[in-house]
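Undergrad: Sharing a model that was predicted from the sequence below.
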Amino acid sequence: MQSFRDNFADAPAGPLHLAIGMFDGVHLGHRAVIGSAVNAARAGGGLSAVLTFSPHPSRILKPDAPTLLLQDEAQKAERVAALGVDLLFWQSFSRELAAVGAEEYAAFLKKTLPGLASLHVGENFRFGRGRAGNIDTLLTAAKALGVHLFSIERVRYDGEPISSTRIRNLLSSGAMAEANTLLGYHYSCDGTVAPGRRLGRTIGFPTLNLPWEPQCRPAYGVYAVRVKKQGGENGNVFPGVANYGLRPTVESGAAPRLEVHLLAGECPFAEGDALRVEWLEFLRPEQKFDSLDALKAQIALDREKALAYFAAR
């Protein structure tokens, strides 16, 4: 997949089938929209493309209360590429872009991407100055330019639409398994193993210390996870149990930390290794214990619970 930022003039020529959206999380609903563009390119010839924005519009329009994103740009690009998209366009969001009128938006896209043949958006897509544009507005403007419009019905789960907001709420409440269902893959994070206090080693549960600062934080607590080296998609995957939070029993830090204990065998990772952690199941919320012995006993229970989770699968 080729990626372009703001300057799209070097993009390959030819019919372009374009999906538009923030696509934060690239969840099942997003995949339906992006898949429509991919299918159109395969059926009618040309290239499939995604147009997304950076930063999130809320960073410009509501800086005091911006939307907290589920993923960073590298993760979004990886998820989009996995769907078979040919081109990824990053449009810098600004007040000037926000001021483009709804009636002018399709013409703006056609001028920016002359090969535009079809547009693919969710049925709730809003655009243009003041978010005044809707599907009917876009259809009228696209027809005038000879551009086909595909409006994709929202994907639902348990009767409710799948949305990034819904997934954010699930993550913050500890409903990891349901969040993964709506994402269509396992929520994951990337980090580089850093030196820690080695407290886990002294109490019999050595951990990997992975600095990680997401915008949208999962619930503090203990999780069943899988760990692998970044980029090693076909490499070994190791089951583990992770703690994410403030570690109130042993320190009073203000920043949460992610620590992972592998469940079997010698740890194959070392400081400096770039790892990916897949979050599978929420086991319990974070809590403060009266002593290190009480903490050690609970960690042993957490480990057994994680082992049972993997044994059941």
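TA: Received the coordinates, thanks. If you're wondering where the values come from, they're calculated on a predicted model, not measured in any experiment. Numbers count the residues shown, from 1 in each chain.

Undergrad: Could you check how far the closest residue to residue 15 other than its chain neighbours is from residue 146?
TA: Nearest residue to residue 15, sequence neighbours excluded (Cβ to Cβ, 6 or more residues apart in numbering): residue 46, at 3.0 Å. (C-beta placed from N, C-alpha, C; glycine too.) Going from residue 46 to residue 146 by Cβ to Cβ, to the nearest Å gives 14 Å.

Undergrad: re earlier: surely the residue nearest to residue 15 is in contact with residue 14?
TA: Yes - counting by Cβ atoms under 8 Å, residue 46 touches residue 14, with 5.3 Å between them.

Undergrad: where do the contact lists of those two overlap?
TA: residue 115 (Cβ atoms under 8 Å, 6 or more residues apart in numbering).

Undergrad: Now the nearest residue to residue 254 once chain neighbours are set aside: phi and psi?
TA: Nearest non-adjacent residue to residue 254, counting by Cβ to Cβ, 6+ apart: residue 246, 7.5 Å away. The phi and psi values for residue 246, taken as degrees, to the nearest 10, are phi -100, psi 0.

Undergrad: Pull up the gap between residue 246 and residue 52, please.
TA: According to Cβ to Cβ, residue 246 stands 33 Å off from residue 52.

Undergrad: Equivalent analysis for residue 104, please.
TA: To residue 52, residue 104 is 20 Å away according to Cβ to Cβ.

Undergrad: on that earlier part again, you'd agree the residue nearest to residue 254 is up against residue 220?
TA: Yes - here residue 246 reaches residue 220: they are 6.6 Å apart, a contact under Cβ under 8 Å.

Undergrad: anything in contact with each of those two?
TA: With Cβ under 8 Å, 6+ apart, residue 246 and residue 220 have common neighbours 256, 286.

Undergrad: thinking again about what came up before, how many neighbours does the residue nearest to residue 15 have?
TA: The number of residues packed near residue 46 is 21, by other Cβ atoms under 10 Å.

Undergrad: Enumerate every residue touching it.
TA: 14-17, 40, 115, 117.

Undergrad: so where do the helices sit in the stretch 201-313 of the chain?
TA: Counting by DSSP state H, counting those that start in this stretch, one finds helices in the stretch 201-313 of the chain at the ranges 292-311.

Undergrad: Strands of that one, residue ranges please.
TA: In the stretch 201-313 of the chain, the segments counted as strands under DSSP state E, counting those that start in this stretch are 208-210, 221-229, 238-245, 257-262, 274-285.

Undergrad: Which one of those lies nearest to residue 185?
TA: Among those, strand 274-285 comes nearest to residue 185, with 8.6 Å by Cβ to Cβ.

Undergrad: pull the CA atoms of that closest one into PDB?
TA: In PDB, the C-alpha atoms belonging to strand 274-285 read as follows (Å, rounded to 0.1, in the frame of the first residue of the first chain):
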ATOM      1  CA  ALA A 274       9.900  -4.200  20.200                       C
ATOM      2  CA  LEU A 275       6.900  -6.200  21.100                       C
ATOM      3  CA  ARG A 276       3.200  -6.300  20.300                       C
ATOM      4  CA  VAL A 277       0.700  -7.200  23.000                       C
ATOM      5  CA  GLU A 278      -2.800  -8.500  22.100                       C
ATOM      6  CA  TRP A 279      -5.400  -8.000  24.800                       C
ATOM      7  CA  LEU A 280      -7.800 -10.900  25.000                       C
ATOM      8  CA  GLU A 281      -9.800 -10.900  28.200                       C
ATOM      9  CA  PHE A 282     -10.300  -8.700  31.300                       C
ATOM     10  CA  LEU A 283      -9.600 -10.800  34.400                       C
ATOM     11  CA  ARG A 284     -10.100  -8.300  37.300                       C
ATOM     12  CA  PRO A 285      -9.900  -4.600  38.100                       C
END
